[in-house]
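Visitor: Provide a 3D model corresponding to the input given below.
(chains A and B)
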Amino acid sequence: MKVPPDFGVDDAALVSITLPNDLRSVKGPEAHIMTQLRHCGYRRDTVFAIKLAFEEAVTNAVKHGNRNDRSKHVYLRYYVDPQRFVLMVRDEGNGFVPDKVPDPTTDENLERPCGRGIMLMSAYMTKLRFSEDGNEIWMLKENPAREP
Amino acid sequence: MEQPSSHVKIKRSGDVSVVQFADRKILEELSIHEIGEELRTLAESEPKIKLLLDFENVDHLASAALGMLITLHKKVQEQNGALKLSNINRQIFQVFKITRLNRVFDIHDTADKALASFEQA
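Guide: Residues are numbered from 1 along each chain as shown, chains lettered A, B, ... in the order given. All right, here's what the predicted structure looks like:
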């Protein structure tokens, strides 16, 4: 799947990284992206939001998508400029149906320990998309500090 | 009394166990699991435990940490105890609000206010 057209980025501009299915392997790319965001003038709150969404997406890929299988991989694609941040995270799992994840904020689910990652990503990002087979997530964060 | 451990520091303030986190980021699956186990053991060690988690040192957390807190909250309730949170920074408090967990947890601005509220209960 290419970057969604309404994200406003040319697909060829994205950086692609393949990582082993291990959360430690993500630390380097994550630190690099956070540094780029700060250099592009993203405010602290926005970097917090992106960091949280990044980590939720990668944790989902490693733990739920690839089921902690060390022989599998996590694929990242990203783009940073002063106006927007785009991230794709794909795993080698069977995917899932986002609409079937129970809403963790309803009274009956409020005390369930799981299921908050997607809603946090959705709350913090400007746009969130899943591929049809559910093993690829795309997110866009527009930089509010740069908005007119 | 202070018990050294890798992820949390536990102090006593009167009859309240006050937990401070050693890590600024409560993110890693493994450390979240270990913190959860330490706190579960603490909760089980004392019926009607009064437990305060102080987030002064924490500037980031993952949704798995929220899950750990919910599980701990249930454990403390089973023990007929009380769990309170304090010193949650603005960004992390926003995470609690988005997930509506600010309605589940008893959250105070400072550790002193939380400790005072144990006395009033």
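
Visitor: on contacts alone, who are the packing partners of whichever strand or helix holds A:Thr59?
Guide: Element membership of A:Thr59, judged by DSSP states H and E, is helix A:44-59. The contact analysis (3 or more C-beta pairs under 8 Å, 6 or more residues apart in numbering or on different chains; DSSP states H and E) places helix A:44-59 against helix A:27-39, strand A:84-90, helix A:117-124, strand A:136-142, strand B:60-61, helix B:90-98. From N, CA and C alone the C-beta is placed, and that goes for glycine too.

Visitor: burial count for the residue of chain A found nearest chain B?
Guide: Nearest residue of chain A to chain B (C-beta to the nearest C-beta) works out as A:Pro113 at 3.4 Å. A count of nearby residues for A:Pro113, using other C-beta atoms under 10 Å in any protein chain shown, gives 18.

Visitor: just checking, it touches B:His73?
Guide: No - counting by C-beta atoms under 8 Å, A:Pro113 does not reach B:His73; the two are 9.6 Å apart.

Visitor: give me the residue from chain B nearest chain A.
Guide: Relative to chain A, the nearest point of chain B is B:Gly67 (3.4 Å; C-beta to the nearest C-beta).

Visitor: is the residue of chain A closest to chain B in a helix, a strand, or coil?
Guide: For A:Pro113, the assignment made with DSSP: H, G, I helix; E, B strand; the rest coil gives coil.

Visitor: which parts of chain A sit against chain B?
Guide: With C-beta under 8 Å from any C-beta of the partner chain as the criterion, chain A meets chain B at residues A:23, A:45, A:48, A:51-52, A:55-56, A:59, A:63, A:104-105, A:110-114, A:116-117, A:119-120, A:123-124.

Visitor: again, only this time at 10 Å
Guide: Taking C-beta under 10 Å from any C-beta of the partner chain as the test, the list of chain A residues beside chain B reads A:23-24, A:27, A:44-45, A:47-49, A:51-52, A:55-56, A:59-60, A:62-63, A:68, A:104-107, A:109-124.

Visitor: could you flag which of those residues are buried?
Guide: Among the residues of chain A next to chain B, the ones that count as buried by 16 or more other C-beta atoms under 10 Å in any protein chain shown are A:23, A:47-49, A:51-52, A:55-56, A:59-60, A:62-63, A:104-105, A:113, A:115-121, A:123-124.

Visitor: rewinding a little: for the residue of chain B closest to chain A, which non-adjacent residue is spatially closest?
Guide: A:Pro113 (3.4 Å; C-beta to C-beta, 6 or more residues apart in numbering or on different chains).

Visitor: for the one you found, what are its contacts?
Guide: Going by C-beta atoms under 10 Å, 6 or more residues apart in numbering or on different chains, A:Pro113 touches A:104, B:36, B:63-64, B:66-74.

Visitor: which regions of chain B lie under the pLDDT threshold?
Guide: For chain B, the stretches flagged by pLDDT under 70 are B:1-6, B:27, B:30, B:121.

Visitor: spatially central residue for it, please.
Guide: Nearest to the mean C-alpha position of chain B, by C-alpha atoms, centre = their mean, lies B:Leu53 at 2.9 Å.
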